[in-house]
Structures are given as C-alpha cells and as structure tokens.
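**Q** I would like the atomic coordinates for the input below:
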Amino acid sequence: MTYNFEAGEILLVDKPLTWTSFDVVKKVRNTLRVKKIGHAGTLDPLASGLLILCTGKFTKRIDEIQAQEKEYTGTITIGQTTPSYDLETPVSESRDISHLTEEDIRAAANSFVGTIQQIPPIYSAVMVDGKRAYDLARKGKEAELKARTVTIKAFDITGIAGAVVSFKVICSKGTYIRSLAHDLGQQLGCGAHLSSLVRTRIGEYRLEDALTIEDIQAIRKAQLEANGSNS
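**A** Numbering: from 1, shown residues only. Have a look, this model is predicted:
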C-alpha cells in the first residue's frame, strides 16, 4: 500500500499500554516527519487498542470520526474502589462480594443500557474553572463535575472469574468506561474499578486493521529507501 502522509491519511494505530494519546501522536509525527497530524478520540494511558490518527487534509475529519460509536472490551474488578476509578491510583476501599451472584452482576450491567446521565471521573481531562480535573485531583482539591448524557448501546458481561468481570461495551462519544465501572460497583453496593481496557472499534474502523508503532516505522523506512533508490 502506498501512503502520502503529507497530503493526508487516516491511520489506525494500536496504542501501546501506558502511552498517552499524545505520546503516539508525537512518535508518529517524528517518525513520518509530517507537520499536520492529530488524533480522533483520546485513550487513557492504562487503556490500549484503537487510536485513529489523521494527517494532512484528513485532520478536517477528526470531529466526524470522534463522534462515531465506540466499542470496548476489558475487565472490571468488583469489591475494590480507587480514586481514579482505574489502576492509576491504589485501592482505597475493599468490600465483601461473596453474596453477589452472576445474575446480580448481569442485571446491574443491563440497568445501564440506554441513554443515561454519567459523571466523568475526577481523574479526567474535563475542564473545571479553566483547569483540568486531573490536575486538581492530583493536588487533592475538590472539583464538581457535571453529569453528561451518554448512550450505552450494549453492556455485555462476557465472563466472571471471582472478583474480575469481563465485559464488552458499545457506547456513544463522551462515555467514560471508568465511570461505568465505578457506577456498576455502586449499583452492586460493593464498589468497583476498571482493571483493563481495550478499544476495539470506532465506527467502521476496527482494531484488527490497526498498525503498531513498529509497522509505521517500517513503512517510513521503506519509503525513505524507495526515495533513495529513485534519486
């Protein structure tokens, strides 16, 4: 496949675990030596999977791509809460879950399907009085975040192994899966946090078609070698 990154491409990237979305943009920009580049939809550092990058003229499509339906798989650990709703912060409280049944967990997950009001995590990039919520949280300051309307098309429980609940979610733009995990724990009365997350789809774009950072580096190397042989 021939790429023209300067003119414009839509790149599907498999974001590595612990990388920020900006880390990926910076790495790809430096690898491809392209000026105009951006990502369509942030992924948290502790999430992996599909991150869409647009270069050149296709940066105009970022808002359109971001607005599309998202699909995720991952695990939620019930009975344990963390301030960040994921593993960025240590467990702050543990509760007994021995009384919960599989039916309880499935029913609780199903109660979130539809259009709901969701409050973003305090450890998020949401702006509060001109500052990022996560900056306030890391300084131990309180911040009041407003609920937003999101749509959960599907919240399927795909497996339960002790406290670890595997799931698949299909949702609208703006949905925080960390908040969904936290709210599931609240619904169950035992608390919960998101313990792993992979984004598998954005609209028609799928993770199985994504390139790794190494793939992109190899493509760039091949382009440079081809240009060298043509000169």
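**Q** can you pull out the strands in the protein?
**A** 10-15, 37-39, 47-55, 70-78, 80-81, 93-94, 114-118, 127-128, 131-132, 148-161, 164-171, 192-202, 205-206 (DSSP state E).
**Q** To residue 22, which of these lies closest?
**A** Taking C-beta to C-beta, strand 37-39 is the member of the strands of the chain nearest to residue 22, at 8.0 Å. To be clear about C-beta, it is placed using only N, CA and C from the backbone, and glycine gets the same treatment.
**Q** Check which helices and strands that closest one sits against.
**A** helix 21-32, strand 47-55 (3 or more C-beta pairs under 8 Å, 6 or more residues apart in numbering; DSSP states H and E).
**Q** Show the contacting residues for the closest residue to residue 104 other than its chain neighbours.
**A** Among residues not flanking residue 104 along the chain, residue 188 sits closest, at 6.6 Å (C-beta to C-beta, 6 or more residues apart in numbering). By C-beta atoms under 8 Å, 6 or more residues apart in numbering, the contact list for residue 188 reads 78, 97, 100, 104-105, 108.
**Q** Just read off the phi/psi values of the most centrally placed residue in the chain.
**A** Centroid-nearest residue in the chain: residue 43, 3.6 Å away (criterion: C-alpha atoms, centre = their mean). Per-residue torsions, residue 43: phi -120, psi 130 (degrees, to the nearest 10).
**Q** That one and residue 217, how far apart?
**A** Using C-beta to C-beta, to the nearest Å, one gets 20 Å for the distance from residue 43 to residue 217.
**Q** what's the answer for residue 71, then?
**A** Applying C-beta to C-beta, the value for residue 71 to residue 217 is 27 Å.
**Q** One more: residue 167?
**A** 33 Å.
**Q** The two - which one has more neighbours?
**A** residue 167 (24 against 15; other C-beta atoms under 10 Å).
**Q** residue contacts, residue 72?
**A** Residue 72 neighbours (C-beta under 8 Å, 6+ apart): 49, 168-169, 171, 177, 197-200.
**Q** Contacts only, for residue 191.
**A** So residue 191 contacts 78-81, 93-95, 182, 185 (C-beta under 8 Å, 6+ apart).
**Q** now with 10 Å?
**A** 77-82, 91-95, 97, 181-182, 184-185 (C-beta atoms under 10 Å, 6 or more residues apart in numbering).
**Q** Give me the buried entries from these.
**A** Buried by 16 or more other C-beta atoms under 10 Å: 77-82, 97, 181-182, 184-185, out of the contacts of residue 191.
**Q** CSV please, covering the residues you listed and showing pLDDT and distance to residue 67.
**A** Below are those laid out as CSV (pLDDT from 0 to 100; distance: C-beta to C-beta, whole Å):
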residue, pLDDT, distance to residue 67
77, 98, 31
78, 98, 32
79, 98, 35
80, 98, 34
81, 97, 32
82, 95, 30
97, 98, 37
181, 98, 23
182, 97, 25
184, 98, 25
185, 98, 29
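**Q** want to throw the residues you listed into TSV with distance to residue 147?
**A** TSV is the format used below for those (distance: C-beta to C-beta, whole Å):
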residue	distance to residue 147
77	24
78	23
79	25
80	24
81	19
82	21
97	27
181	17
182	13
184	16
185	18
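**Q** Out of those, the closest to residue 57 would be?
**A** Checking these one by one against residue 57 (C-beta to C-beta), the nearest turns out to be residue 181, at 37.7 Å.
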